[in-house]
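Enquirer: coords please:
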Amino acid sequence: MRAVELCLALALLVPPAPAPAATPMIDIPAGTFRMGSDSGPADERPAHEVMLSAFSIDRTPVTNADFAEFLDAHGPRGAKGERYFDDDDPDARIHRVQGRWRADFPYENHPVVEVPWRGAHKYCARLGKRLPTEAEWEKAARGTDGRRYPWGNVAPDATRARFGAGYNATAPVASHPRGASPYGVLDMAGNVWQWTSSLYRPYPYRAGDGREDPASPGPRATRGGAHDWPAEDITSTHRGRDLSRAPASGHHNIGFRCAR
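Expert: Numbering: from 1, shown residues only. Just a heads-up that it's a prediction; the model follows:
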């Protein structure tokens with residue numbers, strides 16, 4: 001039996017999951033932080049100061065169970081045919097069963113993948129939220145002390161992040177509490193890359209230079225690294241320069257979280 005058929009068969013044996021509770025959000029204070037790095041890949045340079053207003057960000061990424069509820073309300077395509085979810089991709093872990101969208105067992109609490117940028121944008125907007133800017137994401141991940149990883153400068157290990165694993169080998173969200181950022185935000189390193197609202201453009205980051213225009217075409221910045229990437233690529237400053245991330249499509253190792 002193929003993997004997709006097996007997941008659908010298992011879903012029929014599992015009672016519908018309750019509607020997911022609202023994802024807790026963490027408040028990030030206003031202030032200046034140092035964005036980027038002068039010692040990393042070229043697209044992280046130059047390190048520069050960025051001033052941000054206060055904002056809130058989801059404590060964990062959006063899960064398959066969360067996004068299944070969204071699909072029940074909106075479906076996988078928008079009014080103009082834009083994709084919200086690549087349900088026809090074999091890497092998708094949400095499927096329609098008996099008239100409802102359900103997360104595949106046992107991946108309900110894993111981060112959702114195969115969500116194009118527009119689907120992530122729509123999901124957050126439906127909740128009165130939005131995608132974090134690239135600058136907001138980085139501050140939430142590393143704080144103001146210039147640390148390399150959310151937890152500090154100690155090299156990653158299996159207690160802090162999911163990395164160096166096989167294809168599609170994600171972990172449930174909040175599985176690595178030792179990897180929390182200085183604000184208590186989880187899963188900011190490894191497991192899945194995360195969409196941001198920002199176009200992928202050179203530094204320095206300037207919010208008013210057009211990179212935050214949601215209607216502009218072009219690749220969007222992704223942050224955090226993924227389960228199938230090496231330790232050196234899950235730093236809080238890495239921008240995923242070699243990652244396949246066409247915004248009109250979903251990807252097996254890109255998820256997202258919301259901000260407000």
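
Enquirer: For the chain, which segments count as strands?
Expert: Ranges of strands in the chain, per DSSP state E, are 25-28, 31-35, 48-52, 55-58, 94-97, 100-103, 193-199, 220-223, 254-255.

Enquirer: Using a markdown table, lay out those together with distance to Asn168.
Expert: Placement of C-beta: from N, CA and C, glycine included. A markdown table is the format used below for the strands of the chain (distance: least, CB to CB, whole Å):
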| stretch | distance to Asn168 |
| --- | --- |
| strand 25-28 | 28 |
| strand 31-35 | 31 |
| strand 48-52 | 34 |
| strand 55-58 | 22 |
| strand 94-97 | 14 |
| strand 100-103 | 15 |
| strand 193-199 | 13 |
| strand 220-223 | 17 |
| strand 254-255 | 12 |
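
Enquirer: tell me the most buried of those?
Expert: Burial of these is given as mean neighbour count (mean count of other CB atoms under 10 Å); strand 254-255 ranks first at a mean of 28.

Enquirer: List the neighbouring strands of it plus their orientation.
Expert: Within its sheet, strand 254-255 is paired with strand 193-199 (parallel), according to DSSP bridges.

Enquirer: Could you give the separation of the partner strand from the chain centroid?
Expert: 8 Å (CA atoms, centre = their mean, to the nearest Å).

Enquirer: Then stretch 145-163?
Expert: 17 Å.

Enquirer: For that stretch, buried residues please.
Expert: Taking 16 or more other CB atoms under 10 Å as the basis for neighbour counts, the residues of stretch 145-163 that come out buried are Arg147, Arg148, Tyr149, Pro150, Trp151, Pro156, Arg160, Ala161, Arg162, Phe163.

Enquirer: Can you give me the distance of the nearest residue to the fourth one once chain neighbours are set aside to Val154?
Expert: On the basis of CB to CB, 6 or more residues apart in numbering, the spatially nearest residue to Pro150 that is not a chain neighbour turns out to be Ser181, at 3.9 Å. In this view, Ser181 and Val154 are 14 Å apart by CB to CB, to the nearest Å.

Enquirer: Next, work out how far apart Met35 and Pro204 are.
Expert: If you go by CB to CB, the gap between Met35 and Pro204 works out to 8 Å.

Enquirer: list residues touching both of the two?
Expert: Between them, Met35 and Pro204 have His48, Val50 as joint contacts when contacts are counted by CB atoms under 8 Å, 6 or more residues apart in numbering.

Enquirer: Could you tell me which ranges of the stretch 1-150 of the chain sit under the pLDDT cut-off?
Expert: Across the stretch 1-150 of the chain, residues meeting the criterion (pLDDT under 70) sit at 1-21.

Enquirer: Check whether His252 really touches Val112, as I assumed.
Expert: No. Shown here, His252 and Val112 do not form a contact pair, counting by CB atoms under 8 Å, at 11.2 Å.

Enquirer: more neighbours, these two?
Expert: Taking neighbours as other CB atoms under 10 Å, His252 and Val112 compare with Val112 leading, 31 against 20.
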